[in-house]
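> Build me a model:
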Amino acid sequence: MIRKNVKLMMTAVAVLAVTMPAAAHADTPAETAAVKPAPVTPTAPLQPLNVFAGSWKCTGSSVGGDGSPIVFKTAVGVEFIYDGHFMRWSETTSINGAVVATAEYTWGWQASDNSYDVNAIGSLGQRAHLTTPGWAGDSMTLQGTTTQVDGAAIPSRLTLTTTGAKTFTVAVAIEAAGQWIVASQSACTQRGSS
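Residues are numbered from 1 along each chain as shown. Have a look, this model is predicted:
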């Protein structure tokens with residue numbers, strides 16, 4: 001049972017969690033004609049997350065439940081919302097040009113714990129709750145639980161690492177039988193940068 005859940009989680013996490021989130025849909029003609037609002041400035045606690053604001057293109061890899069390699073692409077959009085008190089991270093993941101999953105992460109600052117509190121939902125039925133104290137050098141590691149549609153709760157870890165002014169990586173790991181297993185890895189570049 002644990003092996004089945006780990007295989008299911010690895011496949012789902014590869015798709016869900018590149019994976020972290022205003023980018024996920026194409027504008028309709030009405031949206032394109034409408035005036036886009038000015039970006040919202042993050043509040044002081046969220047200011048360190050401003051590095052993620054904008055649109056990103058990511059390429060990632062994982063291993064399927066049968067051991068075969070999976071290569072995926074993820075479009076990520078990040079914006080600050082509600083007067084800058086929260087950050088929305090939206091993503092759409094595709095394999096061979098076909099959309100396979102979408103997810104949205106909402107980041108907030110939990111002053112009582114001095115940490116970021118992140119809640120995520122995905123089109124595959126997963127939901128996650130992760131926390132992090134913030135940056136440690138160029139990396140930020142979020143840890144918590146991802147709950148599958150069948151109710152299985154899997155300890156999860158997501159590490160974001162800035163690799164340049166307009167690039168970052170994402171590594172997603174899950175815990176199984178007391179060991180952390182890398183479920184997916186991605187490299188992201190800000191759209192419009194070379």
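
> Would you mark the buried spots in the strand or helix carrying residue 92?
In the assignment (DSSP states H and E), residue 92 maps to strand 86-95. By 16 or more other CB atoms under 10 Å, the buried positions in strand 86-95 come out as 86, 87, 88, 89, 90, 91, 92, 93. Heads up, the C-betas are built off the backbone N, CA and C, glycines and all.

> wouldn't the fourth one be in contact with residue 80 here?
The reference is to residue 89. No. Counting by CB atoms under 8 Å, residue 89 stays clear of residue 80, with 10.5 Å between them.

> Surely residue 50 is in a helix?
Yes. Checked against DSSP: H, G, I helix; E, B strand; the rest coil, residue 50 lies within a helix.

> That one contacts residue 44, doesn't it?
No. With contacts counted by CB under 8 Å, residue 50 stays clear of residue 44, the gap being 11.0 Å.

> of these two, who's got more company?
For the pair residue 50 and residue 44, the greater number of neighbours falls to residue 50 (15 against 8), based on other CB atoms under 10 Å.

> For residue 72, see how far away the more buried one is.
Residue 50 is 26 Å from residue 72, where distance means CB to CB, to the nearest Å.

> What pLDDT does the model give residue 67?
According to the prediction, residue 67 has pLDDT 87.

> residues near it, how many?
7.

> now do residue 115
Residue 115 has 17 nearby residues by other CB under 10 Å.

> can you check residue 57 too?
16.

> Then the one 4 residues further on?
Neighbour count for residue 61, taken as other CB under 10 Å: 14.

> and it, bridged to which residues?
residue 71, residue 185 (DSSP bridges).

> Quick check: which ranges of this structure have low pLDDT?
Applying pLDDT under 70 to the chain flags the ranges 1-37, 193-194.

> and with 90 instead?
The chain contains residues with pLDDT under 90 at 1-39, 63-65, 67, 192-194.

> what about the strands in it?
Assigned by DSSP state E, the strands in the chain fall at 54-63, 69-81, 86-95, 98-110, 115-122, 127-132, 135-136, 139-147, 153-164, 167-176, 179-190.

> Figure out which of the ones you listed is closest to residue 40.
With distances scored as CB to CB, the stretch of these nearest to residue 40 is strand 69-81 (4.3 Å).

> And the closest one, what's buried?
In terms of neighbour count (16+ other CB under 10 Å), strand 69-81 has its buried residues at 70, 72, 73, 74, 75, 76, 77, 78, 79, 80.
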